[in-house]
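Peer 1: what would the 3D arrangement of this be:
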Amino acid sequence: MLLLKITKFALVGLIGVAVDFSTTYFCKEKLSINKYIANIFGFILAATANFLVNKYWTFSDHSTVTFTQYFKYVSVASTGLLINQLVIVILHEKLKWEFYWSKISANLLVTLWNFLLIFFLVF
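Peer 2: Numbers count the residues shown, from 1 in each chain. Okay, here's the model as predicted:
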């Protein structure tokens, strides 16, 4: 049962990555928004979509405490965003990795963080 949840979470995460990257790319490259602000926009849109899909599909949760769960989910994800931003700054600014490779690495780390806390604290 846990393996199925992890698999679903990972699949939802892949969709979230697509939403995150496409939003970040559009904001950064097409709208010329600062790359770190664009990263935040991508994150917020992806986190909201992922919450909804994870609630109803991954964790099959149909309770009516959606706002409370969303608040907890966003709190965990926001902490993940801070970790994400820190990793990107370290890898991109300090170690001179390409921005999107830095973002991929940060996303992998934060995915593990998010699953563990969301599994134990939200659903």
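Peer 1: if I look at residue 55, how far off is residue 28?
Peer 2: If you measure residue 55 against residue 28 using C-beta to C-beta, to the nearest Å, the figure is 29 Å. In short, each C-beta sits where N, CA and C put it, glycine included.
Peer 1: got the buried residues for the strand or helix carrying residue 71?
Peer 2: Assigned by DSSP states H and E, residue 71 belongs to helix 66-88. Residues of helix 66-88 classed as buried by neighbour count (16 or more other C-beta atoms under 10 Å): 69-70, 72-74, 76-77, 80-81, 84-85, 87-88.
Peer 1: same check, this time on stretch 13-33
Peer 2: For stretch 13-33, by 16+ other C-beta under 10 Å, it's 13, 16-17, 19-21, 23-24, 27-28, 33.
Peer 1: over to stretch 40-60?
Peer 2: Within stretch 40-60, the residues that qualify as buried are 40-47, 49-51, 53-55, 58-59, counting by 16+ other C-beta under 10 Å.
Peer 1: that one - what's its average pLDDT?
Peer 2: Summarised as a single mean, pLDDT over stretch 40-60 is 92.
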